[in-house]
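K.L.:
below: sequence and its predicted model.
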Amino acid sequence: MNINIHKEIENISDEIIATRRDIHKHPELGFDVHRTARIVAEQLSNLGLDVQTGIGKSGVVGDLICGDGPTIALRADMDALPIQETSDVDYISQNDGIMHACGHDGHTAMLLGAAKVLADKKDEIKGTVRFLFQPAEEGAGGARYMIEDGCLEGVDEVYGIHLWNYQKYGEVGVKEGPILAAADKFEITVKGIGGHGATPQGSVDAVVVSAHLITALQTIVSRNTNPIESTVVSIGMINGGYNFNIIADEVILKGTARAYTEENRSLIKNRMEEIINGIGKTFGAEIKLDYHEGYPITVNNKTAYEKLLISAKKIVGNGAGYPYLSMGGEDFSYYAQKVPGCFFFVGSAPEDQPFRSVPQHCSHFDIDERALMVGSSIFVQLINDQLMSE
C-alpha cells in the first residue's frame with residue numbers, strides 16, 4: 001500500500017495523535033465543548049491566525065489570510081456522544097457517560113495539524129483558508145448556528161472530513177452527489193381505551209394497534225419505494241402499558257426515517273400519515289404523528305468533488321474512490337446547501353480488530369491513528385492544489 005503522507009504532517013504526527021488522545025480523554029457534548037474550543041482557539045492563535053470564538057454558540061473560526069484569492073473553508077466537528085466508554089485504552093474518557101464514539105476528536109486533531117503546516121506555508125498561499133471547528137453535530141445542528149453567525153461569508157468552497165471505521169486505512173471514500181441521507185425523526189402517540197386484561201371487550205388496545213401500525217409502516221420501504229433507492233423507516237422505541245393484566249390506553253412510538261432523495265423523503269412522510277389514519281379508523285384509536293425534519297441530504301458538488309478526488313489520489317492513490325455508504329445523516333449538509341461543498345471519508349478501521357467490528361457510535365470505538373495523518377495530508381494537499389502559486 002503506497003500512501004504518501006506529507007513530510008510536514010509526518011514530522012508532527014506525534015503531536016496530532018497526542019491532541020486527539022487528549023480530546024478523547026475529555027469529551028464534551030453538544031454546544032458545551034468549551035475545553036475543546038479553548039484548545040483549538042489557543043493553537044490557532046499561536047499560529048498567527050485571525051481567530052473568532054463563540055461562533056455558533058461555542059464554535060471557533062480561524063482565518064489564514066494570505067492575500068488575494070479564493071476562500072476555502074475546512075470543517076471539523078468537536079462534540080462527543082452520551083455513551084459510557086468500555087475501551088481499555090490509556091486515553092479512555094474521564095467524563096462519566098460521555099465519549100468520542102464517532103471520531104470527532106480525530107477530526108479536530110487532523111484539522112489542527114493541517115492548520116499548523118499551512119500556517120508555515122503562508123507566503124506560498126494565494127487566498128484565505130478558513131478553519132471551521134463546529135459544536136453540536138450530533139443531533140443539534142450546530143452547523144446552522146455557525147452559518148447564522150457568518151462562518152460562510154466570503155467562502156467559495158467548503159470541505160468536511162469524517163473518519164470512517166467501515167473502511168480500511170489507506171482508503172478514502174468520496175463521490176459526487178448524495179453521500180449521506182436526510183435524517184428525520186418522528187413520534188407517534190396511539191390513544192385507545194384501557195381496561196382489564198381479562199375483559200377486553202369495550203376496550204381499544206393501544207398495544208395491539210401499535211403492533212399493526214409497526215408492521216404496516218415497514219411496507220413503506222418494502223412496497224412503496226423503488227428497491228434500488230435507499231430508504232429506511234425504523235422504530236427505535238416503544239413505550240406503553242402499566243401491568244401484565246391491564247389493557248394499555250396509550251403507547252408512544254419513536255423512530256427515524258432516512259432517504260437519499262427529497263422525493264422519497266416526502267413519500268415516507270405522506271405514507272406514514274395515510275397508514276396512521278387508516279389504522280386509527282380500523283381500530284377506533286386516536287393516533288397522532290409528530291414528524292420532525294432533521295438534517296437534509298448531504299450532496300457533494302461536482303466540481304468540489306473532482307478537486308477533492310484529485311488531491312486525495314495524490315495521498316492514497318487508487319485507495320480514493322467510492323465510499324462505504326450508510327443511511328447516516330450529517331449537518332455538513334447545511335454548509336453544502338449554501339456554497340459548493342464536498343464531504344469525504346477517511347478509512348480508520350483499527351488494524352488489530354476484525355474488520356468493521358468497531359463501528360461508529362459503539363462503546364468500544366477506537367481508530368487506526370495512522371488515518372489522522374491521511375486526513376491532515378489531504379487537507380494540506382487540497383490547499384496546495386488550489387491556492388498555491390506554481
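P.N.:
Looks like it arrived, so ask away. Because the structure is predicted, anything quoted here is derived from the model rather than measured.

K.L.:
just the element for the closest residue to Leu132 other than its chain neighbours, please.
P.N.:
Excluding its sequence neighbours, the residue lying closest to Leu132 (CB to CB, 6 or more residues apart in numbering) is Arg75, at 4.1 Å. Heads up, the C-betas are built off the backbone N, CA and C, glycines and all. Element membership of Arg75, judged by DSSP states H and E, is strand 71-77.

K.L.:
give the next helix or strand downstream of that strand.
P.N.:
helix 104-120.

K.L.:
how many other residues sit next to the residue nearest to Leu132?
P.N.:
By other CB atoms under 10 Å, 24 other residues sit near Arg75.

K.L.:
what packs against the helix or strand where Thr189 lies?
P.N.:
Assigned by DSSP H and E, Thr189 falls within strand 182-191. Counting contacts by 3 or more CB pairs under 8 Å, 6 or more residues apart in numbering; DSSP states H and E, strand 182-191 is packed against helix 206-217, strand 250-259, helix 262-283, strand 286-295.

K.L.:
rerun at 6 Å
P.N.:
helix 206-217, strand 250-259, strand 286-295 (3 or more CB pairs under 6 Å, 6 or more residues apart in numbering; DSSP states H and E).

K.L.:
now do the helix or strand following the last one, average pLDDT.
P.N.:
Scanning forward in sequence from strand 286-295, with DSSP H and E defining helices and strands, the next element found is strand 298-300. For strand 298-300, the mean pLDDT works out to 98.

K.L.:
give me the sheet partners of strand 298-300 and which way each runs.
P.N.:
Strand 298-300 has the following strand partners under DSSP bridges: strand 177-180 (antiparallel).

K.L.:
chain center to the strand it pairs with, what's the gap?
P.N.:
Centroid separation for strand 177-180 versus its chain: 12 Å, with CA atoms, centre = their mean, to the nearest Å.

K.L.:
what are the buried residues along it?
P.N.:
Buried residues in strand 177-180, counted by 16 or more other CB atoms under 10 Å: 178-180.

K.L.:
and if you look at stretch 283-299?
P.N.:
For stretch 283-299, using 16+ other CB under 10 Å, the buried residues are 283, 285, 287, 294-299.

K.L.:
in a markdown table: the residues you listed, plus distance to Thr128.
P.N.:
Putting those into a markdown table (distance: CB to CB, whole Å) gives the following:
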| residue | distance to Thr128 |
| --- | --- |
| Phe283 | 61 |
| Ala285 | 58 |
| Ile287 | 53 |
| Gly294 | 32 |
| Tyr295 | 27 |
| Pro296 | 27 |
| Ile297 | 28 |
| Thr298 | 24 |
| Val299 | 24 |
